[in-house]
Structure formats: C-alpha cells, structure tokens
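Visitor: Below: sequence and its predicted model.
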Amino acid sequence: MKTPNKIRNFHIRFQKSRWKLYNQKIEKEFGKSESWGGFYLDPTDYNLLVSAFDNAKTIEIDLQNNPLYLTTALSFEALKKLNENNKYKDGIDLELAIKFFNNKYKNEIKKTVKSPYRIVNIRAWEMLPLKDKFGPSQFHTDGFLPSHLKVMIYLTELNAETGTIQFEGLPPLEKTKGFVLVFQNSSIVHAAVPGTNRPRKLIELTIQRLDKNLDLNPAIGFCNDRHFKKPKFAYKI
C-alpha cells in the first residue's frame, strides 16, 4: 500500500522528469542560456517603473498560492520574519509597467536567455536594512525546475548602503540605479546583501524559456509562488 509520502515523492519525481524533458527540447533547439547578463534602463523608463512601484498596493506575503503554480513552503515564523523585513508590492498593479518593459527590452533579455520566453510571475518588494542574515540573505539557489531564469530590476543603487546581490566566490555587485540583472537563479549560488542605511527597491520577474514566440501577457501568481507546475501552462494561460 502506498503511503502519502510515497505518493508525494512519486509526484515530485514525475514533475522533475517532465521539466527535464522539456528543458532538453528547448536546449536542443536554442542551446543553453547564459549564466547571467545585465543592462541598464533608459532614464525615462526607470522613472516609469519607479512610479509604478511606488503606487502599487503594499501587501504581506502569506500562505496563499495559485493552484497552477509550484510554491515555496514557508513556516509561519519565516513568513513573519519576511514581512517584518520587507514591504511587498502587489504584482497585479505592476502588470502594465512590466508589459511595457518587456516589449522594449525583450531583445536585451534574450541575449542571456537565448530563446523565446514568457514572464510567469511578477514579484516586487522593498528590502529594509537588516542586522542579521536569514533566508534569501544567506547563500542559496532558488531550486526552480529547469528552463527558468530570473530578471531582477533594481530601482535603487546596488552598494553597501542600499544593499545588493552577491554571487558566491565574487564580490557583491556595485551598480547605479536602473540596473537589470538576468541570471540562472537555480544554478548560481547567490545571496541578497541587505543594506546598512537605506532600503532597496526591486522588481523580480520569473521567466520560462519557450520553443516559440507567443504574444501573451505576463502571468502573475502570489508572492510565495515560483512558476507553473507544468510547462504547457505557459503556452495557454
């Protein structure tokens, strides 16, 4: 008789296998994506995204999840700490600004992604200065399944005062405001470096590599959602 744990483990293995086969198909046609790349926003576009961020509704991260998405399992204690140290924004309020951003900078993003793609989640938050490192501020990989990357839109400078990001084995990034980082978030070991004096504002996009170009709006899950459970969802939802 199969126990709940055995059934769960079977589903996990099946899910990983499905994404592995999908990724092999993408890489056969387009090759592997670059590990990371980056570019800067035009000043006018930067101002537009800052305005959209500032005007978006502030929310708390919670245990809600979209049933079509894989979700990060968090304890109530972890949720509490995340909400104490971050001010999250409603991704739905950022949808129009991100559609504009994606239309204009798609070719820049593709320099790293190397294939068509779709935005499958929008998250945004203001990271407050921290005294102690925890969660995303410790070195980690995100554990997303293959064929996903992240696009990080930094609306504040990346430095010791406001905070930054660091790849393991490299010094923390130092960039002026409006820098956009595209990277393999589940292959590169990285950490969010908290600021010492000022909060850091950023918008995070999760993207899924596709085998063809699609004219679809960004998909938006909850704050705790990762990406779609099945590759095919990105082609029709």
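Guide: Noted; the coordinates are in hand. If you're wondering where the values come from, they're calculated on a predicted model, not measured in any experiment. Residues are numbered from 1 along each chain as shown.
Visitor: ok, Phe233 - how many residues close by?
Guide: Using other Cβ atoms under 10 Å, Phe233 is surrounded by 16 other residues. From N, CA and C alone the C-beta is placed, and that goes for glycine too.
Visitor: just how off-centre is the host helix or strand of Lys28 within its chain?
Guide: Following DSSP states H and E, one finds Lys28 within helix 4-30. How far helix 4-30 lies from its chain's middle: 20 Å, per Cα atoms, centre = their mean, to the nearest Å.
Visitor: which strands and helices sit next to that helix?
Guide: Judged by 3 or more Cβ pairs under 8 Å, 6 or more residues apart in numbering; DSSP states H and E, helix 4-30 is in contact with strand 200-209.
Visitor: Give me the sheet partners of the strand it packs on and which way each runs.
Guide: Strand 200-209 pairs in its sheet with strand 117-127 (antiparallel), strand 148-154 (antiparallel), by DSSP bridges.
Visitor: Which stretches in this structure count as helices?
Guide: 4-30, 43-55, 76-85, 95-113 (DSSP state H).
Visitor: circling back to that earlier point, please tabulate the strands paired with strand 200-209 in CSV and include distance to Thr71 and mean pLDDT as additional columns.
Guide: Output for those, formatted as CSV (distance: least, Cβ to Cβ, whole Å; pLDDT from 0 to 100):
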stretch, distance to Thr71, mean pLDDT
strand 117-127, 11, 96
strand 148-154, 14, 98
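Visitor: what's the closest of the ones you listed to Tyr105?
Guide: strand 148-154 (8.9 Å; Cβ to Cβ).
Visitor: Contacts for the closest one next, please.
Guide: With Cβ atoms under 8 Å, 6 or more residues apart in numbering as the test, strand 148-154 has contacts from 33, 41, 49, 101, 109, 112-113, 117, 119-120, 142, 165, 175, 177-186, 200-209, 227.
Visitor: That one vs helix 95-113, what angle?
Guide: Between strand 148-154 and helix 95-113, the angle comes out at 120 degrees (axes from the mean of the first three to the mean of the last three Cα atoms, to 10 degrees).
Visitor: So for strand 148-154, what gets flagged as buried?
Guide: 148-154 (16 or more other Cβ atoms under 10 Å).
Visitor: Stretch 215-227 now?
Guide: Neighbour counts using 16+ other Cβ under 10 Å place 218-227 of stretch 215-227 among the buried residues.
Visitor: can I get these in CSV with pLDDT?
Guide: Output for the buried residues of stretch 215-227, formatted as CSV (pLDDT from 0 to 100):
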residue, pLDDT
Pro218, 97
Ala219, 97
Ile220, 95
Gly221, 93
Phe222, 91
Cys223, 89
Asn224, 89
Asp225, 93
Arg226, 94
His227, 96
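Visitor: residues in contact with the closest residue to Gly195 other than its chain neighbours?
Guide: Distance criterion Cβ to Cβ, 6 or more residues apart in numbering; nearest residue to Gly195, sequence neighbours excluded, is Gly163 at 3.5 Å. By Cβ under 8 Å, 6+ apart, the contact list for Gly163 reads 127, 129, 156, 192-195, 199-200.
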